[in-house]
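Asks: Model the following, please.
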Amino acid sequence: MLSKIVSIEAIWLKSETLRRAFQEYVVCLENIDEEYANLFGGQDAGNGFEVSYLPFGNEVKQFRRNLFSTLFQSIYHLLDIEPPRRVLYGQINHLFRTWVTSADNLLDNEDKLVLPITLPNESHVMHNVIALMAADRVLARLLGGAVGRGDIDTAGALRLSDKTLEVLLASAAEEASEEGGIDSRPEPEYVLNVIHRLKTGLLFCVPFAGIDTLEKNIDREKLAMCKRSLEQFGLGCQLLDDIRDIGKDLLQKRHNYVLSCIYNDNRQGDIEKLEDIAGRIDIDSKVHCEVGQVAGETAALAMELLTGGLEGLEQCGLDIDEESRKGIASSMFHVLDVGDMTL
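Replies: Numbering: from 1, shown residues only. I've put the predicted structure just below:
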């Protein structure tokens, strides 16, 4: 059973491709850090109302904080993307993290760190607004630098800039549909194959924005398999999120696969338990043990999707054997805070 961060790192980085991808992504982080420092460095300080940037600490570069980004970066190696563009795409992937996490922070009143800055009174809303604005400026700097070095041309930079918004719009529209709460629980198959494909599956396709926009000489069959495999892995992760967030999604009336299974299958025992605890829990409460059978069934489906996605990536050239696939899939239960359900 996984219990230590080092165990998760050892399982993932047994793959030489993932090791190289992680090392390369750290370079991307260091480049982004430098761009932010330059962006905020020209500010005139005075009167205590300045915004101060704090360089990325070592904790930002820890492997566990960059699992998904490492996996995304490995795709560029599998598809034989040239190193300068691999780095550019990795840098943009970090900006995607900023855009998506800042939006989640604002929508869900969360406080996940996206940009290490200090503000008067540690404003929650303005912190995320500045993070969004700063990420857009850094994107412009990165694209301008890539054009200057001859890695891409001006027309390609403009197309890629547009693409970074385009690929997020469907997921944003889905999030908007839930913002005021939902009125009913749709069939679980609809949640998995429509809602979650928009909410999470598409976010696991954003690493392909640069490839779809700029790359011409690429193995299209392998590209399609990489996309399918990452989406499958992403859906598995979303099901684990659903298990962890049963209480939160019950209270906030958000889509949740587990809740759809319970209400559409008319599982009266589970419905009564949920109604009983609804007034006694908060959004951080973990309640999957209260509905253990359906949560367990969902966990089994999540494991199937996770291992299936990894198997597809192995067929694309990722050096992970069956033992590694199972280890990586199991690690996601711990990373997403449902480790007590590891199968």
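
Asks: When you work out contacts or count neighbours from here on, use the C-alpha atoms and nothing else.
Replies: Fine.

Asks: In stretch 97-111, which residues are buried?
Replies: By neighbour count on 16 or more other Cα atoms under 10 Å, the buried set for stretch 97-111 is 98-106.

Asks: can you list contacts of it?
Replies: 112, 114-115, 124-125, 128-129, 131-132, 135, 179 (Cα atoms under 8 Å, 6 or more residues apart in numbering).

Asks: Output that stretch in PDB, but only the C-alpha positions, please.
Replies: C-alpha atoms of stretch 97-111 as PDB (Å, rounded to 0.1, in the frame of the first residue of the first chain):
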ATOM      1  CA  ARG A  97      -2.600  25.200 -14.900                       C
ATOM      2  CA  THR A  98      -2.800  28.800 -13.900                       C
ATOM      3  CA  TRP A  99      -5.800  29.600 -16.000                       C
ATOM      4  CA  VAL A 100      -7.800  26.600 -14.900                       C
ATOM      5  CA  THR A 101      -6.800  26.600 -11.200                       C
ATOM      6  CA  SER A 102      -7.400  30.400 -10.800                       C
ATOM      7  CA  ALA A 103     -10.900  29.900 -12.400                       C
ATOM      8  CA  ASP A 104     -11.600  27.100 -10.000                       C
ATOM      9  CA  ASN A 105     -10.400  29.200  -7.100                       C
ATOM     10  CA  LEU A 106     -12.800  32.000  -8.000                       C
ATOM     11  CA  LEU A 107     -15.800  29.700  -8.800                       C
ATOM     12  CA  ASP A 108     -15.400  27.400  -5.800                       C
ATOM     13  CA  ASN A 109     -13.900  29.800  -3.300                       C
ATOM     14  CA  GLU A 110     -10.800  27.700  -3.000                       C
ATOM     15  CA  ASP A 111      -7.300  28.800  -2.300                       C
END
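
Asks: Mind checking which of the contacts of stretch 97-111 are buried?
Replies: 114-115, 128, 131-132, 135.

Asks: and which of those residues is nearest to residue 35?
Replies: Proximity of the buried ones among the contacts of stretch 97-111 to residue 35 (Cα to Cα) peaks at residue 135, which lies at 9.8 Å.

Asks: gap between residue 307 and residue 321?
Replies: For residue 307, the distance to residue 321 (Cα to Cα, to the nearest Å) stands at 11 Å.

Asks: Which one of those two is surrounded by more residues?
Replies: residue 307 (23 against 14; other Cα atoms under 10 Å).

Asks: In the buried residues of stretch 97-111, find the pair that's most separated.
Replies: The widest separation within the buried residues of stretch 97-111 (Cα to Cα) is 12.0 Å, between 98 and 106.

Asks: Among the contacts of stretch 97-111, which ones are in helices?
Replies: 124-125, 128-129, 131-132, 135 (DSSP state H).

Asks: In the residues you listed, which has the lowest confidence score?
Replies: Among the ones in helices among the contacts of stretch 97-111, residue 124 carries the weakest pLDDT, at 85.

Asks: give me every residue that touches that one.
Replies: Neighbouring residues of residue 124 by Cα under 8 Å, 6+ apart: residue 111.

Asks: how much space is there between the spatially closest residue to residue 49 that is not a sequence neighbour and residue 52?
Replies: Leaving aside its sequence neighbours, residue 49 sits nearest to residue 120 (Cα to Cα, 6 or more residues apart in numbering; 6.4 Å). According to Cα to Cα, residue 120 stands 10 Å off from residue 52.

Asks: more crowded one of those two?
Replies: Neighbour totals were compared for residue 120 and residue 52, and residue 52 leads with 16 against 11 (other Cα under 10 Å).

Asks: Show me how far whichever strand or helix holds residue 233 is from its chain's centre.
Replies: In this assignment (DSSP states H and E), residue 233 forms part of helix 220-244. With Cα atoms, centre = their mean, to the nearest Å as the basis, helix 220-244 stands 11 Å off its chain's centre.

Asks: Going along the chain, name the helices of the stretch 201-343 of the chain.
Replies: Using DSSP state H, counting those that start in this stretch, the helices of the stretch 201-343 of the chain run over 209-214, 220-244, 246-252, 257-264, 268-277, 292-315, 322-335.

Asks: of all the ones you listed, which lies closest to residue 159?
Replies: Counting by Cα to Cα, residue 159 lies closest to helix 209-214 out of these; the figure is 6.8 Å.

Asks: Spatially nearest residue to residue 227 (excluding sequence neighbours)?
Replies: Residue 227's closest residue in space is residue 205 (Cα to Cα, 6+ apart), at 6.3 Å.

Asks: Tell me which residues touch the one you found, please.
Replies: 227, 230-231.

Asks: Could you rerun that using 10 Å?
Replies: Residues near residue 205 by Cα atoms under 10 Å, 6 or more residues apart in numbering: 72, 167-168, 226-231, 234.

Asks: Of the residues you listed, which is the most crowded?
Replies: Going by other Cα under 10 Å, residue 230 tops these with 28 neighbours.

Asks: ok, it to residue 285 distance?
Replies: 29 Å.

Asks: just for the chain, where's the confidence low?
Replies: 1-6, 42-48, 201, 342-343 (pLDDT under 70).

Asks: at 80 what do you get?
Replies: 1-6, 42-49, 121-122, 201-202, 339-343 (pLDDT under 80).

Asks: I figured residue 29 hits residue 94, correct?
Replies: Yes - the pair residue 29 and residue 94 qualifies as a contact (Cα atoms under 10 Å) at a distance of 7.5 Å.

Asks: on that earlier part again, quick one, what contacts the residue nearest to residue 49?
Replies: Contacts of residue 120 (Cα under 10 Å, 6+ apart): 48-52, 127.
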